[in-house]
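Peer 1: Curious how this folds, go ahead:
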Amino acid sequence: MRDIYHSRVPWIGAFFAGLWCPRYWALTFGQTTWWTVGPELIDFHARRHEACHQRQFARDGRLRFLWRYAWEWLGGLFRYHRLRDAYLQISYEVEARKAEGD
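Peer 2: Take a look at the predicted model:
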């Protein structure tokens, strides 16, 4: 697992999530997580959320993860007509939000 801090990469994900304003953003691809802030500002809930995405990548593989993530996001966009709602209903995100409190 690898973390990259003070990156602009997570803003790609912010677009697809509807650009609401949390304290920071992260984007995980494979075993690498890009954060918009330094490590001192990241709480354990966010770390657990992104670690869950790393486990999902390892479990399902990159191609399946990306295909399913995109398919569910598009389906949510057609269903809810809002970026944020489409993002929130993705099964990988639901699982990662549950992992935050485990």
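Peer 1: Mind pulling the model confidence for the closest residue in space to Gly38 that isn't next to it in sequence?
Peer 2: Spatially, and ignoring its direct neighbours in sequence, Gly38 is nearest to Tyr5 (5.0 Å; C-beta to C-beta, 6 or more residues apart in numbering). (C-beta placed from N, C-alpha, C; glycine too.) Confidence at Tyr5, expressed as pLDDT, is 92.
Peer 1: Pretty sure Arg8 sits in a strand.
Peer 2: No: judged by DSSP: H, G, I helix; E, B strand; the rest coil, Arg8 forms no part of a strand; its state is coil.
Peer 1: Can you tell me how far the nearest residue to it once chain neighbours are set aside is from Ile42?
Peer 2: Excluding the flanking residues, the one nearest Arg8 by C-beta to C-beta, 6+ apart is Thr36, at 7.4 Å. According to C-beta to C-beta, to the nearest Å, Thr36 and Ile42 sit 10 Å apart.
Peer 1: name the helices or strands packed onto the longest helix along the chain?
Peer 2: With secondary structure taken from DSSP state H, the chain has its longest helix at helix 62-80. When contacts are defined as 3 or more C-beta pairs under 8 Å, 6 or more residues apart in numbering; DSSP states H and E, helix 62-80 packs onto helix 44-60, helix 83-88, helix 91-100.
Peer 1: would CSV of those with distance to Trp25 and mean pLDDT be doable?
Peer 2: Putting these into CSV (distance: least, C-beta to C-beta, whole Å; pLDDT from 0 to 100) gives the following:
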stretch, distance to Trp25, mean pLDDT
helix 44-60, 10, 96
helix 83-88, 12, 89
helix 91-100, 14, 96
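Peer 1: Go ahead and confirm Trp11 touches Trp25.
Peer 2: Yes: with contact defined as C-beta atoms under 8 Å, Trp11 and Trp25 form a contacting pair (6.5 Å).
Peer 1: Can you pick out the residue with more neighbours from the two?
Peer 2: Trp25 (21 against 13; other C-beta atoms under 10 Å).
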